[in-house]
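Undergrad: One predicted model, sequence on top.
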2 protein chains.
Amino acid sequence: MRSQTTIKQIAQALQISISTVSRALQNNPRIGLKTREKVMEMAQKLHYIPNPAAMLLRKNQTFTIGVILPTLTEEFFSLAITGIEDVVMEKGYHVLVSQSRDNYEREKQLVDSFLRTRVDGVLVSVAGQTNHYAHFKKLEEYGIPTVFFDRVPRNLPAHKVRCNVEQGAKEAIQYLYDKGIRRIALLNGPSNLAVSDERLNGYLTALHNFHLFSSPRHIRTTNLSREDTWTQMAHFLSLPEPPEAILCFNDYIALYAMQYCSSRGIRPNQDIAFISFANLPITQFMDNPPMASVEQFPLQMGKESAELLLSCIQNQETTSTYFEKVIETELVIHNFSDSDHTL
Amino acid sequence: MRSQTTIKQIAQALQISISTVSRALQNNPRIGLKTREKVMEMAQKLHYIPNPAAMLLRKNQTFTIGVILPTLTEEFFSLAITGIEDVVMEKGYHVLVSQSRDNYEREKQLVDSFLRTRVDGVLVSVAGQTNHYAHFKKLEEYGIPTVFFDRVPRNLPAHKVRCNVEQGAKEAIQYLYDKGIRRIALLNGPSNLAVSDERLNGYLTALHNFHLFSSPRHIRTTNLSREDTWTQMAHFLSLPEPPEAILCFNDYIALYAMQYCSSRGIRPNQDIAFISFANLPITQFMDNPPMASVEQFPLQMGKESAELLLSCIQNQETTSTYFEKVIETELVIHNFSDSDHTL
DNA sequence: CTGTTAGCGCGTTCAC
DNA sequence: GTGAACGCGCTAACAG
């Protein structure tokens, strides 16, 4: 059974021509009902499965979409994949997932590999290290529709689905302000990511609006590794006026930071308040998660970007204008009674 | 630039024949050095990318391997994917990842979809609901090499890469025994999974060896959902002699169970000890993770299964005999001083 | 060393 | 209604 059944074989078995079989299989009205039924039956019997290669060769469609994201281990991205799968599989597409691991070189290779595979479209959440977007330009040159989601490139005209993290940052500051906290630091992500900018903007705007203390020494960026996050935390804690609260790039960074505090005898969320982005489900298992987190709705983001991509694939012509979708965030409070905060 | 460059175009540009170009591109020694160089140059200039469809049509190889696993959100599986990617991409293969979400119907559909896509091989960790393996038989019929990993089917002769969880269970009981704990319950996974059997065997054997109290009421299975896990926990806690320790199917189940305890005013790891399987990195962020967990080395498992699969793909003939690889586990203690346990 | 040709599986004219 | 023939991009005999 190693060799696959082809329309040729079923044509021979039925003593009819190949093209008749082909047409019958496509429900072409020009084929007689009984012929069609006989063909269908035989196809069933012989376990016929159309060869996608032949199809691709003629139609230039792989029904495969490629996804590049930093890491699957982060729940945000694995949830996004789930959203993408949901939308895309319903339309008969497959998903080719690859991790850039926040590495520029790897990301570039993945783009090349998708070019080779002739995927019908690409979804990207760019790597933390990536500074320029020439490799993505290639996709456009070859006419492969591309949609960026969450980690969207700065200054690059392209289809984008992103979160309103700026608003999220503002709400986070508001929340802290309402709790009477005034000295708030920002532990941000790599500055080449637009999502970092937005956090910074929201943070600065909110600080300004509330006439809060603002100092460059209260703003640091981490390369997202645990080591670097600890280094930045060491800086914060060494300040003459250490922050009362820290707004962190995402839940993982917050967790690293809180770990550091614990190791230094500082009680997270009691001595220093932590707020972060992502609101990962896994934090629900923690006795002491970040005090609050900005929900970014990964499932919805996955779905929306997949839908956008599919529509781009459908009408390739209309690609002259770029579409940008912004999803609103929501600050989720992690069930802290005010008494927990002793400051 | 929408239309792809073909060898035909570069042949025309150079005024040579198509096959010469083809051979030059393959570094066929029969082609003269200068011709080859000219071809390479032109290919570069025209941004030539070989069309995989044509290749597939001739060679019947997609250089794609399909992966079916329950969920990417569980760190164990996303780490396994990383291991798989590492091995497979180095050999020029792509990875088609799909989630069964522990659903039998979905798993079946995914197999069909892989059949259609003509992947070169399949890696599977079977869904929690799956009871029979007819759909996997299909893969074999079509000559698609298949390797099961972690959640391997019971009683099905096939290539398997799995963990020695039986040994892991024994070590877990040993650890509890050494701490003076005697009444140990097992909160197991679905009984149709072989990995559940193994846990049960290890548990029973160890209990017997230590002459420990054993009762059917101290053995329950969960369908892996939070709700059902809570139900089973309610049962345990309602017993006249509730367990002093619970061995859980994996970290997530342990976390659910511990959550339930907390909600009932029972202190996890103090009033009841929890030990689980997987030892997910994420638990390192918890102040009170399971007391110990059986490390299953997902990265290594991913790598080993990918390697096995690739070797099956290489020599299709030798498929007469099935290969089974067992990876040893390791009980990781989560840094608890004995004084923490007040029982 | 290089060119010619057939064919991989399928859809699609164009004839009949 | 149906069949013959061509071509998608490429490799691999088979000729020179």
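TA: Done, it's in. Numbers count the residues shown, from 1 in each chain, chains lettered A, B, ... in the order given.
Undergrad: show me what contacts A:Gly302?
TA: Residues in contact with A:Gly302 (Cβ atoms under 8 Å, 6 or more residues apart in numbering or on different chains) are A:79-87, A:149. All C-beta spots, glycine's among them, are computed from the backbone N, C-alpha and C.
Undergrad: I'd like to know which residues of chain A are adjacent to DNA strand C.
TA: A:3-4, A:6-8, A:18-19, A:22-23, A:25-26, A:48, A:50-51, A:53-55, A:57-59 (Cβ under 7 Å from any atom of the strand).
Undergrad: What is the neighbour count of the residue of the stretch 151-300 of chain A found nearest DNA strand D?
TA: At 26.5 Å from DNA strand D, A:His159 is the closest residue in the stretch 151-300 of chain A, using Cβ to the nearest atom of the strand. For A:His159, the count of nearby residues is 23 (other Cβ atoms under 10 Å in any protein chain shown).
Undergrad: returning to what we had before: export the contacts of A:Gly302 to CSV and tack on distance to A:Pro216 and secondary structure?
TA: Output for these, formatted as CSV (distance: Cβ to Cβ, whole Å; DSSP: H, G, I helix; E, B strand; the rest coil):
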residue, distance to A:Pro216, secondary structure
A:Leu79, 35, helix
A:Ala80, 33, helix
A:Ile81, 38, helix
A:Thr82, 40, helix
A:Gly83, 38, helix
A:Ile84, 39, helix
A:Glu85, 43, helix
A:Asp86, 44, helix
A:Val87, 43, helix
A:Phe149, 31, strand
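Undergrad: Look up how far A:Asp86 lies from the residue of the stretch 151-300 of chain A closest to DNA strand D.
TA: 19 Å (Cβ to Cβ, to the nearest Å).
Undergrad: repeat for A:Phe297
TA: 14 Å.
Undergrad: before we move on, the earlier item: what sits opposite the residue of the stretch 151-300 of chain A closest to DNA strand D in the beta ladder?
TA: Beta-bridge pairing of A:His159 under DSSP bridges involves A:Val147.
Undergrad: Contacts only, for it.
TA: A:His159 neighbours (Cβ under 8 Å, 6+ apart): A:145-148, A:308-309, A:312, A:322-324.
Undergrad: where do the helices sit along the stretch 201-343 of chain A?
TA: For the stretch 201-343 of chain A, applying DSSP state H, counting those that start in this stretch gives helices covering A:226-238, A:251-263, A:298-314.
Undergrad: tilt between the first one and helix A:251-263?
TA: The reference is to helix A:226-238. Here helix A:226-238 runs at an angle of 60 degrees relative to helix A:251-263 (axes from the mean of the first three to the mean of the last three Cα atoms, to 10 degrees).
Undergrad: A:Tyr322 versus the residue of the stretch 151-300 of chain A closest to DNA strand D, what's the distance?
TA: Counting by Cβ to Cβ, the gap from A:His159 to A:Tyr322 is 6 Å.
Undergrad: Below-threshold pLDDT in the stretch 1-150 of chain A: ranges please.
TA: Where the stretch 1-150 of chain A drops to pLDDT under 70, the residues are A:1-3.
Undergrad: Show me which residues of chain A sit near DNA strand D.
TA: So far as Cβ under 7 Å from any atom of the strand goes, chain A lies against DNA strand D at A:16-20, A:23, A:30-32, A:35, A:54, A:57-58.
Undergrad: which of these are buried?
TA: A:16, A:20, A:23, A:31 (16 or more other Cβ atoms under 10 Å in any protein chain shown).
Undergrad: now those in a markdown table, with distance to B:Ile181?
TA: A markdown table is the format used below for those (distance: Cβ to Cβ, whole Å):
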| residue | distance to B:Ile181 |
| --- | --- |
| A:Ile16 | 74 |
| A:Thr20 | 74 |
| A:Arg23 | 72 |
| A:Ile31 | 73 |
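Undergrad: of those, closest to DNA strand C?
TA: A:Arg23 (5.6 Å).
Undergrad: Can you verify my assumption that the closest one contacts A:Ile31?
TA: Yes: judged on Cβ atoms under 8 Å, A:Arg23 makes contact with A:Ile31 at a distance of 5.0 Å.
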